[in-house]
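Peer 1: sequence unknown, structure follows:
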């Protein structure tokens, strides 16, 4: 189960999950979003940040 929190002042949206293998759940969420927008995942910095092409919202996953 995922929990989405309202954006903070910097406009970050925090998504929490209660699974023990959280990094794997992050990858699963990113891939599911990629499939939903029919895009391609690309890394945008050395800080483990990713964007999905075709994303009209312009979300950055970190």
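Peer 2: Ah, there it is. The model shown is predicted, which means the values in this text are computed figures rather than measured ones. Numbering: from 1, shown residues only.
Peer 1: which SS class is the residue in the chain sticking out farthest from the centre?
Peer 2: Within the chain, the residue lying farthest from the chain centre (Cα atoms, centre = their mean) is residue 9, at 18.5 Å. The local conformation at residue 9, judged by DSSP: H, G, I helix; E, B strand; the rest coil, is coil.
Peer 1: state the pLDDT value of it.
Peer 2: pLDDT recorded at residue 9 is 78.
Peer 1: same check, this time on the one 3 residues further on
Peer 2: Looking at residue 12, its pLDDT is 79.
Peer 1: so it is in which element?
Peer 2: Using DSSP states H and E, residue 12 sits in no helix or strand.
Peer 1: what's the local residue count around it?
Peer 2: Other residues lying near residue 12 total 11 when counted by other Cβ atoms under 10 Å. Where C-beta positions appear, they are placed from N, C-alpha and C, glycine not excepted.
Peer 1: and it, what does it touch?
Peer 2: For residue 12, the contact set (Cβ atoms under 8 Å, 6 or more residues apart in numbering) is empty.
Peer 1: for it, grab phi and psi.
Peer 2: phi -90, psi 140 (degrees, to the nearest 10).
Peer 1: can you give me every residue that contacts residue 37?
Peer 2: 52, 54-56.
Peer 1: also residue 45?
Peer 2: Applying Cβ under 8 Å, 6+ apart to residue 45 gives no contacts.
Peer 1: distance-wise, check it relative to residue 51.
Peer 2: Distance, residue 45 to residue 51, using Cβ to Cβ, to the nearest Å: 10 Å.
Peer 1: do residue 4 as well
Peer 2: 19 Å.
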